[in-house]
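> Sequence and computational prediction follow.
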Amino acid sequence: MSRAERNIEWIETHCYVPDGKLAGQRVQLTDHQKLWMISIYDSPTRTFILSMPRKNAKTALSAFLLLLHLVGPEAVRNGQLYSSANSRDQAAILFKYAAASVRLSPTLSDFVSVKDSAKSIECPQLGTVYRALSADAKTAHGLSPVFIVHDELGQVKGSRSELYDTLETGSAAHDNPLSIIISTQASTDNDLLSLLIDDALQGEDPKRKVILCTYDGEHVYSDEALNAANPHFGDFMNQDELRDIAKRAQRMPSLDAAYRNLHLNQRIAVDDKFISLNVWKENSGKPETWRGQRVWAGLDLSAVSDLTSLVLLTESGDVHCFNWLPADGIHDKAARDRVDWPTYAKNGHLELIPGRTISYDFVAQRLLEIFNNCDVQAIAFDRYNMRFLIPELQRLEFSPTMIDKFREFGQGFVSMSPAIRTLEELLLNQKLRHGNNAVLNICAHNVTTQSDPAGNRKFVKPDSRHDSGRKIDAMVSLAMAVGVRQSHELEEKKPKLKLNALKFY
């Protein structure tokens, strides 16, 4: 057998699928994976770059290669093995895959020790040690790796990474070190992974190899595109799910860039407009009154002189938007922002507060009116400026029950991503009626999304400073209202314990 054939046989004999529908079964490498193994091991290789879309088992293959070099025929006695990632969460993924495969394997589990707290795996008999490292951890200077996996290197912004440089230079102590780079493509040509891919594609150093799975044609939402970019589209991937993602991206601008980057592996920044003009117009029906309704709300409190927005959402999808700006200097602000704020105030889409700053007593008065005229279920807020509103609520003698309706809502990926997804579904299915509030329309036009490596999203302002003052506050409030309604409804569905049925001893 060749070296690659020997390694393929070892993986298929000793490694087990760590998760998914085939979890617990012995690994059967795909034809593509076997070809990549041949490329790595049947000719001299220093760096092997495998760039392809998500869900093509990049991390699983890397975990099997890691075990091959930790305890298999590629192991070097007393060798140090490392994986690097941009964050601790990402660094933990490869470790978890490798650890799960070890625990599932009747043979490997006898020879390999897993230390979850240290994110390390060892083979005491060979003296080999693997550790997962992240860029936000302490320095990695002094390490001497013989095998490295750089996980999702495309997340590195710019042309350099201290952790990457440290590990690569540390490998110089070995005769035949091997680095595996697995990632979807980076955003720009000037990012580290792009530079490495472009250099490898030149072919000047035969020991630096690259497999680039992508699609550059015109039919980006077709099966042709998905099949071309995803080597395992016809193997174990969920084709219907990918087709659904493509259809959603075709209609929703906010999903298009992420779809192209994560599922077609195109070199593109993962941020774009959140909503298309047509989809937004499809939801522009006139809302019914909010008075007497069950409502959920999102409150985006601004800095001293910026836009503050409150959005109410009823059970039937009616959207009511309240907005405030300081009255003094409003014409100068309109010129700077290129937004006709005075006209919007005259038409009732914006309330001007006397003075040069946002006085939260006006906001508190509006909140009291809402509480007195409808059934408020929950109000989501960003805690940053809430400390200035609380004294005004207390001054107006908001009851503890009313105060309890206010729910802190984070603005990061974890909190915003589910809310953004639900908001998209409501808009796509024409479940909202926003009534063409002018300020909300501006914010809907401006708002863009940014994605993390896991595909979670949050709202961000547009890059262009000429984009209607870059205001997105009302859309943030709408997303928070959607999110808090979703959370509140889930709480209501939870079974309630009947205290009179419990016996206490």
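Arrived safely, thanks for sending.
> SS state for Trp324?
Taken by DSSP: H, G, I helix; E, B strand; the rest coil, the conformation at Trp324 corresponds to strand.
> longest helix of this structure?
Ranked by residue count and defined by DSSP state H, the top helix of the chain is helix 473-493.
> CA atoms only for it - export them in CSV, please.
What follows is helix 473-493, C-alpha atoms only, in CSV (Å, rounded to 0.1, in the frame of the first residue of the first chain):
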residue,chain,number,x,y,z
ASP,A,473,-32.6,52.3,15.6
ALA,A,474,-36.3,51.6,14.7
MET,A,475,-35.3,48.3,13.0
VAL,A,476,-33.3,47.3,16.1
SER,A,477,-36.5,48.1,18.2
LEU,A,478,-38.6,46.0,15.8
ALA,A,479,-36.3,43.0,16.0
MET,A,480,-36.2,43.3,19.8
ALA,A,481,-40.0,43.4,19.9
VAL,A,482,-40.2,40.2,17.7
GLY,A,483,-37.5,38.5,19.8
VAL,A,484,-39.2,39.3,23.2
ARG,A,485,-42.6,38.1,21.8
GLN,A,486,-41.0,34.9,20.7
SER,A,487,-39.3,34.4,24.1
HIS,A,488,-42.5,35.3,26.0
GLU,A,489,-44.6,32.9,24.0
LEU,A,490,-42.2,30.1,24.6
GLU,A,491,-42.4,30.8,28.4
GLU,A,492,-46.1,30.7,28.3
LYS,A,493,-46.0,27.2,26.6
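> which regions of this structure lie under the pLDDT threshold?
Scanning the chain for pLDDT under 70 picks out the ranges 136-141, 269-272, 303-304, 463-469, 494-505.
> can you pull out the helices in the stretch 51-200 of the chain?
In the stretch 51-200 of the chain, helices defined by DSSP state H, counting those that start in this stretch lie at 58-70, 88-104, 162-170, 192-202, listed in chain order.
> Just name the most buried of the ones you listed.
helix 58-70 (a mean of 24; mean count of other Cβ atoms under 10 Å). Heads up, the C-betas are built off the backbone N, CA and C, glycines and all.
> Verify the stated contact: Gln430 with Ser284.
No. Using Cβ atoms under 8 Å, Gln430 and Ser284 do not qualify as a contacting pair, with a distance of 9.9 Å.
> Please identify which of the helices of the stretch 51-200 of the chain is closest to Asn436.
Among these, the nearest to Asn436 by Cβ to Cβ is helix 88-104 (40.9 Å).
> That closest one - contacts with which helices or strands?
helix 58-70, strand 80-85, strand 113-115, strand 120-123, strand 128-134, strand 145-151 (3 or more Cβ pairs under 8 Å, 6 or more residues apart in numbering; DSSP states H and E).
> Kindly reformat the ones you listed as CSV containing distance to Thr448.
What follows is those, written out as CSV (distance: least, Cβ to Cβ, whole Å):
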stretch, distance to Thr448
helix 58-70, 28
strand 80-85, 26
strand 113-115, 42
strand 120-123, 40
strand 128-134, 27
strand 145-151, 27
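> closest one to Ala444 among these?
Comparison of those against Ala444 by Cβ to Cβ identifies strand 80-85 as nearest, at 35.1 Å.
> in its sheet, what does the closest one sit against?
Here strand 80-85 has these sheet partners by DSSP bridges: strand 128-134 (parallel), strand 145-151 (parallel).
> returning to that earlier point: please state the offset of the longest helix of the chain from the chain centre?
19 Å (Cα atoms, centre = their mean, to the nearest Å).
> what's Arg475 in contact with, if anything?
Not quite, residue 475 is Met, not Arg. The neighbours of Met475, taking Cβ atoms under 8 Å, 6 or more residues apart in numbering as the test, are 274, 440, 443-444, 446-447, 459.
> if we can go back for a sec, for the longest helix of the chain, buried residues please.
473-488 (16 or more other Cβ atoms under 10 Å).
> what's near enough to touch Ile11?
By Cβ under 8 Å, 6+ apart, the contact set of Ile11 is 27, 29, 64, 67-68, 72.
> In contact with the residue nearest to Ala100 when sequence neighbours are not counted, which residues?
Excluding its sequence neighbours, the residue lying closest to Ala100 (Cβ to Cβ, 6 or more residues apart in numbering) is Pro18, at 3.6 Å. By Cβ under 8 Å, 6+ apart, the contact list for Pro18 reads 60, 63, 96-98, 100-101, 104.
> go on, Leu423?
Residues near Leu423 by Cβ under 8 Å, 6+ apart: 478-479, 482.
> does it count as helix, strand or coil?
helix.
> Could you measure from it over to Ala479?
The span separating Leu423 from Ala479 equals 5 Å under the rule Cβ to Cβ, to the nearest Å.
> picking that back up, for the buried residues of helix 473-493, work out which two are farthest apart.
Asp473 and His488 (22.2 Å).
> Contacts only, for Gly127.
With contacts defined as Cβ under 8 Å, 6+ apart, Gly127 is in contact with 77-79.
> switch the cut-off to 7 Å
If you count contacts by Cβ atoms under 7 Å, 6 or more residues apart in numbering, Gly127 has them with 77-78.
> Quick check: chain neighbours aside, which residue is closest to Leu393?
Leu393 sits nearest to Ala364 (Cβ to Cβ, 6+ apart), 5.4 Å away.
> Figure out the helix or strand that that neighbour lives in.
Assigned by DSSP states H and E, Ala364 belongs to helix 360-373.
> Need the residues that contact that helix.
291, 308, 310, 312, 322, 324, 353, 376, 388-389, 392-393, 396, 402.
> Stretch 239-246 too?
Outside stretch 239-246, the residues that reach it (Cβ under 7 Å, 6+ apart) are 221, 226, 233, 259, 263.
> can you list these in TSV and add distance to Gln411, neighbour count and secondary structure?
Shown next, in TSV, are those (distance: Cβ to Cβ, whole Å; neighbours: other Cβ atoms under 10 Å; DSSP: H, G, I helix; E, B strand; the rest coil):
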residue	distance to Gln411	neighbour count	secondary structure
Tyr221	31	19	coil
Leu226	33	21	helix
Phe233	36	19	coil
Tyr259	24	27	helix
His263	26	24	helix
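> Export the residues you listed as CSV, with columns for distance to His331.
Listed next are those as CSV, based on distance: Cβ to Cβ, whole Å:
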residue, distance to His331
Tyr221, 46
Leu226, 52
Phe233, 57
Tyr259, 42
His263, 47
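> Between the residues you listed, which sits nearest His434?
Comparing the contacts of stretch 239-246 against His434 with Cβ to Cβ places Tyr259 closest, at 25.6 Å.
> where's the closest residue to that closest one other than its chain neighbours relative to Gln185, distance?
Spatial nearest neighbour of Tyr259, excluding adjacent residues (Cβ to Cβ, 6+ apart): Ala249 at 3.6 Å. Noted for Ala249: a distance of 17 Å to Gln185, by Cβ to Cβ.
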